[in-house]
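Q: could you look at this predicted model? Sequence included:
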Amino acid sequence: MTKKQSIYTLDFMLLCLGSFFFFASFNMIIPELPNYLTKLGGEDYKGLIIALFTLTAGLSRPFSGKLADKVGRVPVMIFGALVCLVMSLIYPIITTVAGFLLLRFFHGFSTGFTPTGISAYVADIIPLSRRGEAMGIQSLFGSLGMASGPALGGYIASIWGLYPMFYTSSLIAFLAMGILWKLKETLEERTSFSWQHLHIKKDEILEPRVLAPSFILLLTVFSFGIVLTIIPDYSTFLGIQNKGLFFSVFTISSLAIRIIAGKTSDKYGRIQVLRVSTFCLSIAMILIGIASDKFSFLLAAVLFGVAVGMNSPTITAWTIDLSHDQRRGRALATMYIALEAGIGLGAIFAGWIYANQSENFKHTFWLGAIISFIAFLYMVLIAKNKKQTTKVNS
């Protein structure tokens, strides 16, 4: 594939569509989960809603990375979507706090697998010169799913209740599976699944080449973990009935910027884009913390979305730039481990600092601002050399 060839192939567009349905499936239930857990008597465990989910996703990354490099990208993607389908069907059956938390733990396998396969698949079919652009487009579809999911879930829950919302989530996961099933496998040297593939050696857990982008990702998604955990309660505190509104606004604001950021990082470099995005993220978290009405709250959501939209495709493209073709799945798994660790830590600290006390909202968001600013300082100080910014396959 040359630079002049179109990246808009049938497989790429199917991948984007499958990504849309996958992210819509598990995101549509998130805004309603804190209230659902409270009704079960577990309001003190809200921080674990996201933390347990991301813990499992992080633990499963070495396995999904290895399987993506050995068995194939498509089976890894389909397995993650299958987990979404099954878990969403089980939520209505759960009647205890322990059962709910256990289900959240297992639900995390979904994002532990599908995104790893998706990113590896994109890297397989897109040339280096357009990698940032392609990652921006793919993440745009994922973001559309993240935006429409909470809005749809909140609407269904308000009209028909929580159970229909869970069943709809399962149906959407089924659509994702059907689309991903149609993709042509891109891994050339494949092996049949073996239980030996689940034996992970120490040197198969992390890929050293991609530690820099993984570190930045961990710091930046810390704020995302905070947002996922306490924005539903913060929305209620500000008198906003639809708890998914913030998620929809910030995700929509990130859509167009993803493609622009991807192209810009292809032309001017990943580090330059990340310097801007990490600074914007720090400012956005400060603004969320001082929001006093719906307008200022949603304005902060827009800036938060811009920062996230610049971060996501750029960090993913940077990770692939630094990885070996033969260990691409492992490199992406390392990146996603950082993703889950950052979100999980953000969720845990958010639940601990917030502690169901409204006066603690601003302190929680400002912690996210501090962590994001550390990422900005790292990007300012990082050495600009070929080893960090160009692809290495030797």
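A: Thanks, I have the structure now. Residues are numbered from 1 along each chain as shown.
Q: which SSE is residue 193 in?
A: Assigned by DSSP states H and E, residue 193 belongs to no helix or strand.
Q: so what's it up against?
A: Counting by Cβ atoms under 8 Å, 6 or more residues apart in numbering, residue 193 touches 67, 71, 75. Heads up, the C-betas are built off the backbone N, CA and C, glycines and all.
Q: how about residue 73?
A: Residue 73 makes contact with 117, 118, 120, 121, 124, 183, 185, 186, 187, 329, according to Cβ under 8 Å, 6+ apart.
Q: tell me the contacts of the spatially most central residue of the chain?
A: Centroid check for the chain by Cα atoms, centre = their mean gives residue 339 as the closest residue, at 7.2 Å. Residue 339 sits next to 54, 57, 58, 217, 218, 221 when contact means Cβ under 8 Å, 6+ apart.
Q: again, only using 6 Å
A: 217, 221 (Cβ atoms under 6 Å, 6 or more residues apart in numbering).
Q: sorry, back to before: now the contacts of residue 193 as JSON lines including distance to residue 306 and pLDDT?
A: Formatted as JSON lines, the contacts of residue 193 follow (distance: Cβ to Cβ, whole Å; pLDDT from 0 to 100):
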{"residue": "67", "distance to residue 306": "35", "pLDDT": "90"}
{"residue": "71", "distance to residue 306": "37", "pLDDT": "89"}
{"residue": "75", "distance to residue 306": "35", "pLDDT": "93"}
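Q: among those, which ones are in strands?
A: Using DSSP state E, no member of the contacts of residue 193 falls within strands.
Q: from the residues you listed, which is closest to residue 354?
A: Distance to residue 354, by Cβ to Cβ, is smallest for residue 67 among the contacts of residue 193, at 37.1 Å.
Q: quick check: the closest one touching residue 76?
A: Yes: here residue 67 reaches residue 76: they are 5.3 Å apart, a contact under Cβ atoms under 6 Å.
Q: so the two - more neighbours on which side?
A: Using other Cβ atoms under 10 Å as the criterion, residue 67 and residue 76 rank with residue 76 on top: 29 against 24.
Q: phi, psi of the nearest residue to that one once chain neighbours are set aside?
A: Leaving aside its sequence neighbours, residue 76 sits nearest to residue 117 (Cβ to Cβ, 6 or more residues apart in numbering; 3.7 Å). The phi and psi values for residue 117, taken as degrees, to the nearest 10, are phi -60, psi -40.
Q: does the residue nearest to the centre of the chain count as helix, strand or coil?
A: Assigned by DSSP: H, G, I helix; E, B strand; the rest coil, the conformation of residue 339 is helix.
Q: pLDDT score for it?
A: For residue 339, the pLDDT comes out at 85.
Q: repeat that for residue 205.
A: Looking at residue 205, its pLDDT is 73.
Q: just residue 5 next, same as before
A: pLDDT for residue 5: 60.
Q: still on that earlier bit, just the contacts of residue 193 now: which is nearest residue 382?
A: residue 67 (32.0 Å).
Q: so, low pLDDT: which residues of the stretch 251-394 of the chain?
A: Applying pLDDT under 70 to the stretch 251-394 of the chain picks out residues 383-394.
Q: same question for the stretch 101-250 of the chain.
A: In the stretch 101-250 of the chain, residues with pLDDT under 70: 202-204.
Q: rerun at 90
A: The model of the stretch 101-250 of the chain has pLDDT under 90 over residues 108-109, 111-112, 115-116, 119-120, 122-155, 157-158, 161-162, 186-209, 228-250.
Q: quick one, helices of it?
A: Taking DSSP state H, counting those that start in this stretch as the test, the helices found in the stretch 101-250 of the chain are 109-125, 131-159, 162-181, 211-237, 245-253.
Q: go through those and pick out the most buried.
A: Among these, helix 109-125 has the highest mean neighbour count (mean count of other Cβ atoms under 10 Å), at a mean of 27.
Q: just the CA trace of the helix or strand hosting residue 33, in CSV.
A: Taking DSSP H and E as the criterion, the element that holds residue 33 is helix 33-39. Listed next in CSV are the C-alpha coordinates belonging to helix 33-39 (Å, rounded to 0.1, in the frame of the first residue of the first chain):
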residue,chain,number,x,y,z
LEU,A,33,-24.4,1.9,37.1
PRO,A,34,-23.6,4.2,40.2
ASN,A,35,-27.4,4.5,40.9
TYR,A,36,-27.9,0.8,40.2
LEU,A,37,-25.2,-0.1,42.7
THR,A,38,-26.6,2.3,45.2
LYS,A,39,-30.0,0.6,45.0
